[in-house]
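Engineer: pasted the sequence and its predicted model underneath.
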Amino acid sequence: MSWPESIVSWIGGETLGIASAHHKAQVIGTVVTSRLPLQDVVSISEIPTDELGTFSGEIPRTLPPGEAAKAKARMGFEASGIPLQVSTEASFYSHPQIMGLTIHEELVLLADFSKERYYWGIIRSLDTWGPQISLTDFNTAQDWLTAHHQKDHHWMIIPSPETQHSFPPQKALPSPEAVIQALQALNLNGDSFQLVPDYRAHLHPGRMQIIEQATHQLVDTLLSICPVCNQPGFAIQSKLPGLPCKYCGSPTQRTMYQVRKCNVCGNETRETIPNQPAEADPIDCEVCNP
Ligand SMILES: [Zn+2]
Ligand SMILES: [Zn+2]
């Protein structure tokens, strides 16, 4: 494979630290070593990333996701002395328009602490497995779990916000049976509890797939070279609507362009989106379908 000169002179033959647990390092490492001219990838897993927040809510995340990812990468740098670091950060939040739908956002960051530069891969998924419910009785829990369990995924039991009886979160439960056993052991006496996915990547294959996609997107961004200053990371920053209607030609809300911006020299360009039809369906047109 041949790489752009600015990629080779920047990371050619370098070591990349992955500031994360082993299992994520394997997925990320496979993608970056197959697509970039790195010498080596090192997993830096002995860093206290839980300090920045846990999915069980025991430690709330106080930083915005991007800052949390930077903080993890910096921990990796400080622990290893390797200035090139990758880290990840996941968020799960309610869809702003569609009730009951959860958005899974996965950030993968490559930080270069020798230049204080940051590059991102971001994937937002609506399909990530993430059922959750607040309950008080075990029979309902049993039925609900049977309906919602997905193979190879894991559960947590955490206290409901309104619960009287606080208990330590029960994690990494691999099956509905394991959840019911753990519930029985908790002695809740009719108090409410929440069943939620254990989102830690090694216990959630669906999340791991999104991490892999976000890593590919990060590499796509790195390999996009600014035509003005020749530096890597000419990233897609935004998308603009305006795709013309097939019948009347009026601009629609459908995406027409993507905007790339270079964070080194500020160069910005607008380009049409590859593999997209040149016109919008009239169903999306304010004029034809008001
Ligand atoms: Zn530039
Ligand atoms: Zn139209």
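Structural biologist: Arrived safely, thanks for sending. Ligands and ions are numbered 1, 2, ... in the order given.

Engineer: helices of the stretch 51-200 of the chain, residue ranges please.
Structural biologist: 65-80, 138-148, 176-186 (DSSP state H, counting those that start in this stretch).

Engineer: so which elements touch the last one?
Structural biologist: Counting contacts by 3 or more CB pairs under 8 Å, 6 or more residues apart in numbering; DSSP states H and E, the secondary-structure elements packed against helix 176-186 are helix 138-148, strand 155-159, strand 170-173, strand 193-197. Every residue, glycine included, has its C-beta placed from N, CA and C.

Engineer: ok, now which ones touch Ser45?
Structural biologist: Ser45 makes contact with 20-22, 25, according to CB atoms under 8 Å, 6 or more residues apart in numbering.

Engineer: quick one on the thing from earlier: ranking the helices of the stretch 51-200 of the chain by burial, who's on top?
Structural biologist: helix 65-80 (a mean of 20; mean count of other CB atoms under 10 Å).

Engineer: who does the nearest residue to Trp10 once chain neighbours are set aside form a beta bridge with?
Structural biologist: Nearest residue to Trp10, sequence neighbours excluded (CB to CB, 6 or more residues apart in numbering): Pro232, at 6.5 Å. As for beta bridges, Pro232 partners with Ile225 under DSSP bridges.

Engineer: look up how far Ala278 lies from Pro232.
Structural biologist: Using CB to CB, to the nearest Å, Pro232 is found at 30 Å from Ala278.

Engineer: of these two, who's got more company?
Structural biologist: More neighbours surround Pro232 than the other of Pro232 and Ala278, with 23 against 9 (other CB atoms under 10 Å).

Engineer: okay but that one is in contact with Leu218, surely?
Structural biologist: No - assessed by CB atoms under 8 Å, Pro232 is found out of contact with Leu218, at 11.1 Å.

Engineer: give me the neighbour count for Ser238.
Structural biologist: Using other CB under 10 Å, Ser238 is surrounded by 12 other residues.

Engineer: quick one, phi/psi of it?
Structural biologist: Dihedral angles of Ser238 (phi, psi; degrees, to the nearest 10) stand at phi -160, psi 170.

Engineer: beta partners for it?
Structural biologist: In beta-bridge terms (that is, DSSP bridges), Ser238 pairs with Val259.

Engineer: make JSON lines out of the helices and strands packed on helix 176-186 and add mean pLDDT and distance to ligand 1.
Structural biologist: JSON lines is the format used below for those (pLDDT from 0 to 100; distance: least, CB to the ion, whole Å):
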{"stretch": "helix 138-148", "mean pLDDT": "95", "distance to ligand 1": "48"}
{"stretch": "strand 155-159", "mean pLDDT": "95", "distance to ligand 1": "45"}
{"stretch": "strand 170-173", "mean pLDDT": "96", "distance to ligand 1": "45"}
{"stretch": "strand 193-197", "mean pLDDT": "94", "distance to ligand 1": "41"}
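
Engineer: domains in this protein, by residue range?
Structural biologist: 5-127, 133-198, 237-284 (automatic domain parsing).

Engineer: who wins for proximity to Arg207 among those?
Structural biologist: Closest to Arg207 of the domains of the chain is domain 5-127 (CB to CB; 6.6 Å).
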